[in-house]
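A.B. asks: Task: produce atomic coordinates for the following.
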Amino acid sequence: MDRRDLLKNSLAGLAGLSATARMAAAQTVPLMDRPFNIAPIRAHVDRITDIKSCIRPFRTKGPRLDVEQIGNAMVVHNYGHSGAGWSLSWGSADMQVQKAMSRSPKKIAVIGCGIIGLTTALMAQRAGAQVTIYTKELFQRTRSVRANGSWTPASHMALASDAPSDLGDTWERMTRISWKNLRPYIGMAGNPVAFADHYYLSDTPFDAPVAPPPPSPVPVPEYYELGNRLGDITPKMQTLSAELHPFPVPYARRTTRLFFNFSEYGHLLISDFYAAGGKMVMRNFHSPGELAHLPEKVIINCPGYAAHDWWQDKAMVPHRGQTEWLIPQPEVNYGLTYRNVEALSKSDGVMMIDIGARGGMPKGYGMSNEVPDRAEAERAVRVMEELFSRFPSHRI
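C.D. replies: As a prediction, this is how the structure comes out:
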């Protein structure tokens, strides 16, 4: 029996479950945890409104958080957060602003206007400094807004061979500070930061052996393991029986995840920055020595992946990612992952991303190409299209 026949028979079995069987299964799960009817995602390629590609600022040694002197300027580095920038931004900003304020400056310069630079600027303002952001691009055009934008604080922080011994402690501190600082944005108008249930779906048991990946022509990166340090603030994964979950697959798990609505969150942060007297200067830097000529003598450097060329930081490794965006569906209030494709309904669109298969070379690792790939986008959308085409009509 091939996989299609197996799935067909499984779905036939689900459709034939009696009401008594469903009720018996439901009684084993508290009412508050039972998933109810969900709105389907209208996954069709003609609903793609945008395709965004970016380079994650992965750094083999972990985020750069040291301080150095350039001429008579103190430069505090704050970059290299890989795919965890949205999650770690406030914690990293808090740590680096404390270092910058050790000189009690009246004015601080921030280099870069991605999510790390913008939150750093806001944190410096809260510390009492006048802040100017020097940036090549405004926030809406930065790589940050071409990313996923989910709470993923442990996303590939460093290579196991290059990570400093205290990275785990530093990462936990950043994460917990960020979590605390994000709390006030939850529930605000426009939902700049929100929670949603996220379902992981599978045609085979989750603990089934995974087929070994094809041989890689280059060494597969071994990432630094951060361990389970955040169990007290991380919702647990729940296994849902086929009698309970609404999806046409045999196996499902569910958790709750935090995510960022780019339009609302970005607009709010920029408005707060200007309201506090912040200034923005459009400027492209070409060498570290240029920082010595800025009027501000305390500088927080948040260039993201641009540090690879501008600062000649060879620990930076490109890690390409792509998201595709469909027409918004406010009635869809969840996310899901199926066959290596992740979907998440946000206020500015239904976002999808091909996360790649488990094992082997991580998808996009070592790639610096930022040209959107329409074929990749359509493949991801069609995975979801096929999934929702199998929904029994009475479940929708």
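A.B. asks: can you pull the contacts of residue 349?
C.D. replies: Shown in contact with residue 349 (C-beta atoms under 8 Å, 6 or more residues apart in numbering): 49-50, 325-328. Heads up, the C-betas are built off the backbone N, CA and C, glycines and all.
A.B. asks: Let's see that with 6 Å instead.
C.D. replies: 325-326, 328 (C-beta atoms under 6 Å, 6 or more residues apart in numbering).
A.B. asks: what's the distance between the closest residue in space to residue 120 that isn't next to it in sequence and residue 54?
C.D. replies: Once flanking residues are discounted, residue 120 sits nearest to residue 93: 4.1 Å by C-beta to C-beta, 6 or more residues apart in numbering. Noted for residue 93: a distance of 20 Å to residue 54, by C-beta to C-beta, to the nearest Å.
A.B. asks: So between those two, which is more surrounded?
C.D. replies: residue 93 (29 against 24; other C-beta atoms under 10 Å).
A.B. asks: which SS class is the more buried one?
C.D. replies: helix (DSSP: H, G, I helix; E, B strand; the rest coil).
A.B. asks: can you pull the contacts of it?
C.D. replies: Contact analysis of residue 93 by C-beta under 6 Å, 6+ apart lists 119-120, 123.
A.B. asks: so which of those residues comes closest to residue 262?
C.D. replies: Using C-beta to C-beta, residue 119 is the member of the contacts of residue 93 that lies nearest residue 262, at 13.9 Å.
A.B. asks: In PDB, could you pull the C-alpha coordinates for the helix or strand containing residue 199?
C.D. replies: Here residue 199, judged by DSSP states H and E, is contained in strand 193-202. The C-alpha trace of strand 193-202 is given here as PDB (Å, rounded to 0.1, in the frame of the first residue of the first chain):
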ATOM      1  CA  VAL A 193       2.100  41.400  18.700                       C
ATOM      2  CA  ALA A 194      -0.300  38.500  19.000                       C
ATOM      3  CA  PHE A 195      -0.700  34.900  20.000                       C
ATOM      4  CA  ALA A 196      -2.100  32.100  17.800                       C
ATOM      5  CA  ASP A 197      -2.500  28.400  18.000                       C
ATOM      6  CA  HIS A 198      -0.100  26.600  15.700                       C
ATOM      7  CA  TYR A 199      -0.700  23.100  14.400                       C
ATOM      8  CA  TYR A 200       1.900  20.600  13.300                       C
ATOM      9  CA  LEU A 201       0.400  18.100  10.900                       C
ATOM     10  CA  SER A 202       1.800  14.800   9.500                       C
END
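A.B. asks: which is the next helix or strand following that strand?
C.D. replies: Per DSSP H and E, strand 193-202 leads on to strand 238-240 as the next helix or strand towards the C-terminus.
A.B. asks: Buried residues of that next one, list them for me.
C.D. replies: 238, 240 (16 or more other C-beta atoms under 10 Å).
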